[in-house]
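Asker: A structural model of the following input is requested.
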Amino acid sequence: MTEALIHSAVDTGTTADLAQPGPAAGGPAAAADVEAAVHAIADRSRHAARSMATANRAWKDRGLRAVGAALQENVRAILAANAMDVRRGRDNGTSKALLDRLTLTESRVDGLVAALENLANLPDPVGNVVRGQTLPNGLRLRQVNVPMGVVAAIYEARPNVTVDIAGLALKSGNAVILRGGSAAEATNQVLVRVLREALESVGLPADAVQTVDQFGRAGANVLMKARGKVDVLIPRGGRDLIQTVVTNSAVPVIETGEGNVHIFLDESADETMAVEILLNAKTQRPSVCNTVETLLVHSGATVLPAVATALRNAGVRLHVDQRIGAALPAGIDAEPATDEDWATEYMDLDLAVAMVDSLDDAVQHIRTWSTGHTEAILTNSLANAERFIAEVDSAAVIVNASTRFTDGGELGLGAEVGISTQKLHARGPMGLTELTTTKWIVQGEGQVRG
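Answerer: The predicted model follows:
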């Protein structure tokens with residue numbers, strides 16, 4: 001792969017441009033060409049989706065394992081392309097957090113292969129009977145899971161998502177159209193080629209995985225407007241990208257949200273557990289959406305000195321309210337927090353810390369500032385744990401464990417399309433079932449309605 005190839009596609013600019021494409025070269029005629037080309041891709045996806053919907057589990061699982069083997073066989077080409085993307089991102093001033101999300105390593109590719117194997121080992125959601133009954137008139141009813149059809153995804157700087165979404169779409173009997181953004185352009189070109197060739201090798205349609213990256217932000221805008229050709233659109237990325245898609249899409253959207261994640265240290269929290277969980281939740285991989293961003297500490301808790309010391313020793317920058325600042329051990333530096341800190345998804349080694357006087361105060365803070373992603377309580381009180389579960393309205397609520405477990409792979413879903421923070425159709429990590437809808441099957445023996 002050459003630098004010339006990397007720059008051959010139309011660049012996307014920033015996520016903020018998605019709804020405001022600049023004039024295409026050649027004017028309206030060129031814009032019409034992009035629309036026609038993207039619609040043609042969607043039509044091929046629709047045709048592929050019909051084939052995928054009738055593929056049995058064994059066939060789809062062969063496809064997943066073929067993709068995994070192909071990733072391993074092509075790992076050098078994948079990492080070489082990714083190194084070019086990372087270098088270009090670093091030269092362009094991309095943030096440390098986004099560079100981490102952009103970067104693939106051999107171990108991360110191995111993780112993608114393992115996720116595909118996990119998907120292959122999971123039950124096929126297609127045909128699962130959600131409910132059923134026989135009516136008094138003899139009609140036999142079943143509501144069953146069926147594929148969505150054509151699933152589109154718009155995401156940024158996350159080449160792992162290319163494989164995760166394609167794998168989930170394949171297992172759930174869908175076709176997928178990908179828009180991975182210019183930051184990972186070279187990596188995604190290689191990945192999409194590898195995916196398509198692997199599918200063809202087992203007799204599945206290559207067009208079950210397609211991309212519109214070659215059409216840049218103009219292609220993304222056409223994809224958002226392709227209602228009737230695309231069944232559902234899933235954005236995954238920062239707040240600007242997600243809100244742009246939600247605001248401008250004519251295609252139904254499943255919204256994946258940013259992660260302003262909280263942990264509440266109850267006054268009964270165990271010190272050793274609190275230190276281990278906070279270090280894991282903040283420092284294991286700071287750039288991802290299930291990393292803790294705000295710590296709420298009960299004024300009666302005794303574990304703050306140990307927790308703050310461990311976090312600072314790990315390089316975490318503390319943004320604290322006045323009461324926390326006064327309670328920190330000598331030599332632990334911190335900076336004053338503002339309302340902006342309570343609202344920020346840092347995606348870095350920064351943590352906002354506030355003191356509260358009760359569980360009620362903690363819940364109120366979370367209700368005010370949370371994005372509805374994940375919240376956790378560390379406590380030895382069963383009553384407080386149950387109240388926290390009942391009163392906190394987020395996609396995931398965790399008791400005495402790291403927020404890093406809000407992840408499709410960790411929760412046994414094999415992989416995830418994203419973490420949905422909305423309440424319609426899907427909420428939380430979106431796995432195989434969340435990429436299906438339902439169909440009512442009614443079987444009779446000549447019944448007519450009276």
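
Asker: now do the phi/psi pair for residue 325.
Answerer: Residue 325 has phi and psi values of phi -60, psi -40 when expressed as degrees, to the nearest 10.

Asker: and the pLDDT for it?
Answerer: We have a pLDDT of 95 for residue 325.

Asker: just checking, it touches residue 334?
Answerer: Yes: checked against CB atoms under 8 Å, the pair residue 325 and residue 334 is within contact range at 5.9 Å. All C-beta spots, glycine's among them, are computed from the backbone N, C-alpha and C.

Asker: quick one: residue 186 is in a strand?
Answerer: No: going by DSSP: H, G, I helix; E, B strand; the rest coil, the assignment for residue 186 is helix, not a strand.

Asker: could you check how far it is from residue 84?
Answerer: Per CB to CB, to the nearest Å, residue 186 is found 5 Å from residue 84.

Asker: looking at those two, which is more packed in?
Answerer: residue 186 (26 against 18; other CB atoms under 10 Å).

Asker: could I get the pLDDT score of the closest residue to the more buried one other than its chain neighbours?
Answerer: Nearest non-adjacent residue to residue 186, counting by CB to CB, 6 or more residues apart in numbering: residue 81, 4.1 Å away. Looking at residue 81, its pLDDT stands at 97.

Asker: if we go by neighbour counts, what in stretch 305-314 is buried?
Answerer: Neighbour counts over stretch 305-314 (16 or more other CB atoms under 10 Å) mark 307-308, 310-312 as buried.

Asker: now distance to residue 382, pLDDT and secondary structure too, for these, in JSON lines please.
Answerer: Listed next are the buried residues of stretch 305-314 as JSON lines, based on distance: CB to CB, whole Å; pLDDT from 0 to 100; DSSP: H, G, I helix; E, B strand; the rest coil:
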{"residue": "307", "distance to residue 382": "22", "pLDDT": "97", "secondary structure": "helix"}
{"residue": "308", "distance to residue 382": "27", "pLDDT": "97", "secondary structure": "helix"}
{"residue": "310", "distance to residue 382": "26", "pLDDT": "97", "secondary structure": "helix"}
{"residue": "311", "distance to residue 382": "27", "pLDDT": "97", "secondary structure": "helix"}
{"residue": "312", "distance to residue 382": "32", "pLDDT": "96", "secondary structure": "helix"}
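
Asker: if we only consider these, which is nearest to residue 380?
Answerer: residue 307 (15.6 Å; CB to CB).

Asker: what's near enough to touch the closest one?
Answerer: 265, 271, 274-275, 278, 295, 297 (CB atoms under 8 Å, 6 or more residues apart in numbering).

Asker: among those residues, name the ones in strands.
Answerer: Those of those mapping onto strands are 265, 295, 297, per DSSP state E.

Asker: for the second one, give its distance to residue 239.
Answerer: Pointing back at residue 295 there. Residue 295 is 21 Å from residue 239, by CB to CB.

Asker: the two: which has the busier surroundings?
Answerer: residue 295 (27 against 13).

Asker: mind telling me which residue is nearest the centre of the chain?
Answerer: residue 418 (2.2 Å; CA atoms, centre = their mean).

Asker: residues near the nearest residue to that one once chain neighbours are set aside, how many?
Answerer: The shortest distance from residue 418 to any non-neighbouring residue, by CB to CB, 6+ apart, is to residue 256 (3.3 Å). Residue 256: 28 surrounding residues under other CB under 10 Å.

Asker: hang on, residue 172 packs against residue 436?
Answerer: Yes: shown here, residue 172 and residue 436 form a contact pair, counting by CB under 8 Å, at 5.5 Å.

Asker: please enumerate the shared neighbours of these two.
Answerer: 125-126, 147-148.

Asker: of those residues, which is the nearest to residue 220?
Answerer: Distances from residue 220 to these, taken by CB to CB, are shortest for residue 148, at 19.6 Å.

Asker: I'd guessed that closest one sits against residue 174; true?
Answerer: Yes: contact criterion CB under 8 Å: residue 148 and residue 174 qualify, at 5.4 Å.

Asker: one step back: how far away is the residue nearest to the centre of the chain from residue 373?
Answerer: Counting by CB to CB - residue 418 and residue 373 are separated by 11 Å.

Asker: over to residue 254?
Answerer: On the measure of CB to CB, residue 254 and residue 373 end up 14 Å apart.

Asker: with residue 64 instead?
Answerer: Applying CB to CB to residue 64 and residue 373 gives a distance of 28 Å.

Asker: pretty sure residue 277 is touching residue 401, no?
Answerer: Yes: Residue 277 is within contact range of residue 401, at 6.8 Å (criterion: CB under 8 Å).

Asker: who has more neighbours, the two?
Answerer: Remark: of residue 277 and residue 401, residue 277 carries more neighbours, 24 against 14, as counted by other CB under 10 Å.

Asker: quick one: contacts for the more buried one?
Answerer: 263, 376, 378, 400-402.

Asker: just the buried residues of those.
Answerer: Counted by 16+ other CB under 10 Å, the contacts of residue 277 give 263, 376, 378, 400, 402 as buried.

Asker: now, which of these lie within strands?
Answerer: Those of the buried ones among the contacts of residue 277 lying in strands (DSSP E): 263, 376, 378.

Asker: so the first one sits against residue 376, correct?
Answerer: Yes: using CB under 8 Å, residue 263 makes contact with residue 376 at a distance of 4.7 Å.
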